[in-house]
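> need a 3D model of the sequence below.
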Amino acid sequence: MTPPRTPQIPVVVLAGFLGSGKTTLLNHLLRNRAGTRIGVIVNDFGAIEIDAMTVSGQVGSTVSLGNGCLCCAVDASELDTYLETLTRPSARLDVIVIEASGLAEPQELVRMLLASDNPHIRYGGLVEVVDAAEFDRTRQRHPELDRHLAVADLVVLNKTDRVGEAERERLRATVA
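Residues are numbered from 1 along each chain as shown. Coordinates of the predicted model:
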């Protein structure tokens with residue numbers, strides 16, 4: 001008889017360039033979780049952990065990476081160290097969200113998740129948040145945006161209230 005499988009927790013990468021609205025979206029998810037138990041890894045970049053302070057109090061299990069960038073970690077074992085904390089049975093989480101730094105390369109985080117030896121997780125997808133009002137300027141400053149969009153499982157077109165209907169349709173077609 002085969003032993004029962006350990007349930008795997010989906011790990012979702014939340015990415016987007018600085019100012020796209022990642023933390024706002026994460027806070028919205030945390031406030032409106034409807035009983036879903038969410039663990040968060042905040043991938044801060046810089047000495048002051050603004051993102052960690054913003055989401056603190058919204059969730060029981062938060063791991064902050066402090067003055068570093070997970071995307072710069074050398075291998076998946078470093079990521080596993082952080083995930084171990086959140087995958088303990090006592091945490092009883094339904095999903096883990098990694099909020100990537102605005103400077104992160106999301107495909108590297110995805111690669112690390114897929115290479116992870118942690119038997120308690122599975123890749124849950126890459127969500128790329130895009131600022132509709134700043135899309136063209138962001139694309140000029142960061143040509144890698146097209147690559148990010150290509151590997152994303154879901155693109156959230158944010159701040160659409162700041163652009164007209166024709167621009168929204170153009171952006172929908174561009175990011176699709």
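
> so N158 makes contact with F17?
No: between N158 and F17 there is no contact under CB atoms under 8 Å: 11.1 Å. (Glycine included, C-beta is placed from N, CA and C.)

> what touches both of the two?
Both N158 and F17 are contacted by D131, under the criterion CB atoms under 8 Å, 6 or more residues apart in numbering.

> for the strand or helix carrying E167, name the packing helices and strands.
E167 belongs to helix 165-175 when elements are defined using DSSP states H and E. Packing partners of helix 165-175 (3 or more CB pairs under 8 Å, 6 or more residues apart in numbering; DSSP states H and E): strand 154-158.

> flag every buried residue along the strand it packs on.
Judged by neighbour count (16 or more other CB atoms under 10 Å), strand 154-158 contains these buried residues: V155, V156, L157, N158.

> what of stretch 124-142?
124, 126-135, 138-139.

> sort out for me which of these are in helices.
Taking DSSP state H, the ones among those that sit in helices are F135, T138, R139.

> with adjacent residues omitted, what lies nearest to the last one?
The reference is to R139. L145 (5.0 Å; CB to CB, 6 or more residues apart in numbering).

> hmm, back to that, closest to V12 out of the buried residues of strand 154-158?
Taking CB to CB as the measure, V12 lies nearest V156 of the buried residues of strand 154-158, at 11.9 Å.

> what distance do you get for that closest one to V130?
7 Å (CB to CB, to the nearest Å).

> can you name the two of the buried residues of stretch 124-142 that sit furthest apart?
Among the buried residues of stretch 124-142, G124 and A133 lie farthest apart (CB to CB), at 28.3 Å.

> A helix includes G39, no?
No: using DSSP: H, G, I helix; E, B strand; the rest coil, the secondary structure at G39 is strand, not a helix.

> what about it, how many neighbours?
Neighbours of G39 under the rule other CB atoms under 10 Å: 24.
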